[in-house]
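Asks: build me a model:
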Amino acid sequence: MTIKEIKRYILLLPVLVVFLQVSAQDSTQVLWEKANAFYTTEEYQQAVSIYEQILNSGQESAKLYFNLGNAYYKSGDINQAILNFERARLLAPQDQDIAFNLELANQFVVTEIEALPQPFFKRWRSRVINLYPADSWAAISIGAFVFFLGLLGLFIFGRSTFVKKFSFWVGILAVVISGFTFSFAARQKEKINQRKHAIVFCPRVTVKSAPTENSTDLFLLYEGVKVEISDSLSTWREIRLSDGNVGWLPDSCIVRI
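Replies: Next up, the predicted model:
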């Protein structure tokens, strides 16, 4: 192969990449429509199979997890329904349809857990953070910071005393908003990246006081319960419930959200 031919192939690489991306998008769209068609005709297992195929191709979205959760729910697999509704809510915490369907699925969970009351400021902060996903908070933060830079220019180059005072105080407000919304975006992104919560998949499992089979039995959990993973050791995971109870479970009994 000559140098001229190599250069020609190199020049064609971007075109090939774009072509492959477009082909992949078209393929995903075809699968999406096919899965939705199966769901509409109440062929839920076929719909599940195709939704899972889309996920395995590297695609991920709240809508995809939501539809997959609905298909699992209709097919009678409540554990998988809860898991996928939780994954959908992780990506779109403000979506009321996801919250409603998750609540509906949780009615089938045998274990009843009364969550410990939280201070009002923590509840308020959680509600505010969950108003938007990470990308939206990041966009607001960037917009507020750009607005601050514009106000900074007015403060430096403005001749009017009123303009300087206005740009100064509003600029401070813009910086504060940018800082808070950036922290909200970071918090949402952290939840997505760390995936600290999981769903119990074993029909019935005994929570242990230590990461060994011979340790003391603490309490029973049934499938479908949401837990927080607080530590790990080998094939064991320390879990925390919303009522404050803590113990150890084998990793094989839980699936991370």
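Asks: how deep is residue 179 tucked in, by neighbour count?
Replies: Each residue near residue 179 was counted by other Cβ atoms under 10 Å, and the total is 13. All C-beta atoms are positioned from the backbone trio N, CA, C, and that covers glycine.
Asks: I meant to write residue 112 there.
Replies: The local packing of residue 112 (other Cβ under 10 Å) involves 8 other residues.
Asks: can you tell me how far it sits from residue 225?
Replies: Distance, residue 112 to residue 225, by Cβ to Cβ, to the nearest Å: 9 Å.
Asks: spit out the residues that contact those two alike.
Replies: None of the residues lies in contact with both residue 112 and residue 225 under the rule Cβ atoms under 8 Å, 6 or more residues apart in numbering.
Asks: residue 224: what secondary structure?
Replies: Under DSSP: H, G, I helix; E, B strand; the rest coil, the three-state class of residue 224 is coil.
Asks: that one reaches residue 107, doesn't it?
Replies: No - the criterion here is Cβ atoms under 8 Å, and residue 224 misses it with residue 107 at 9.9 Å.
Asks: which one of those two has more residues nearby?
Replies: Between residue 224 and residue 107, counting by other Cβ under 10 Å, residue 224 is the more crowded of the two (21 against 8).
Asks: return the distance of that one relative to residue 252.
Replies: Noted for residue 224: a distance of 16 Å to residue 252, by Cβ to Cβ.
Asks: just residue 74 next, same as before
Replies: 27 Å.
Asks: between the two, which has more neighbouring residues?
Replies: Neighbour count, other Cβ under 10 Å: between residue 74 and residue 252, residue 74 has more, with 16 against 12.
Asks: alright, that wraps it up for me.
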